[in-house]
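Engineer: After the sequence you'll find the predicted model.
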Amino acid sequence: MEERLDALPASELEVMRLLVRRPGLSVGEVAHQLGLRVSNASTTVRALIGRGLLRRQGDPADGRVVRLAPTARAQAIRRRREAEWERALRRRLASLPADDRQRLLEASTALALLARELAAPTDGRPAADREGRDGR
C-alpha cells in the first residue's frame, strides 16, 4: 500500500506543507506561522516524526534549539504526488478548448505570483502592509 501525504490529518498536512517550503523551522516557529498553540504544534510534529515524515536536527548556532525538516521518505512521497498532479493537469488541460487553454496560460504569471505570496513567510499582516504599500 502506497502512503500519501494527502491521507494525513489536516493539521499534519499543514505542518508538512510548511516544512517542505521552509525546512529548518523550530516547533515554535511552526506554531507561529500556522497560528497554532505551541503545544498543538508539538503534538503534531511528534506524530509526523512517528510516521517517519519529519526529522529533528540540532541548530548549529544554538544547541538548545531543535530544527525540523522533511525526511527523504516525505520528499519522495511529495515528488510522487506532484508528478500525479502534473499528469492529471496535463490530461484535463488537453481536453479544454484552445481558447480556454490560452486564457489559463495568460493567467499563469499572476497565479504564480499569488502562489509565491501565499507561500511566503508572514507576520500575520497582508503583503501590502508588510511592504508599506497600505497608504498609511
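Structural biologist: Great, that's in hand. Fair warning: this is a prediction, and the values are worked out from it, not measured in the lab.

Engineer: residues near residue 23, how many?
Structural biologist: Residues near residue 23, counting by other CB atoms under 10 Å, number 15. C-beta: built from backbone N, CA, C; applies to glycine.

Engineer: element containing the spatially most central residue of the chain?
Structural biologist: The residue lying closest to the centre of the chain (CA atoms, centre = their mean) is residue 17, at 2.5 Å. Here residue 17 sits within helix 10-21, counting by DSSP states H and E.

Engineer: Centre of the chain to that helix, how far?
Structural biologist: Centroid displacement of helix 10-21 relative to its chain, using CA atoms, centre = their mean, to the nearest Å, is 5 Å.

Engineer: elements contacting the next helix-or-strand element following it?
Structural biologist: For helix 10-21, the succeeding helix or strand toward the C-terminus, using DSSP H and E, is helix 27-34. Counting contacts by 3 or more CB pairs under 8 Å, 6 or more residues apart in numbering; DSSP states H and E, helix 27-34 is packed against helix 10-21, helix 38-50, strand 62-70.

Engineer: For helix 27-34, which outside residues touch it?
Structural biologist: Helix 27-34 is touched from outside by 14-15, 18-19, 22, 25, 36-38, 40-42, 45, 66, 68, 121-122, with contacts defined as CB atoms under 8 Å, 6 or more residues apart in numbering.

Engineer: what's the answer for stretch 38-56, then?
Structural biologist: So stretch 38-56 is in contact with 5, 8, 11-12, 15-16, 19, 27-28, 30-31, 34, 36, 66-71, 73-74, 77, going by CB under 8 Å, 6+ apart.

Engineer: Give me the buried positions along that stretch.
Structural biologist: Buried residues in stretch 38-56, counted by 16 or more other CB atoms under 10 Å: 41, 44, 45, 47, 48, 53, 54, 55.
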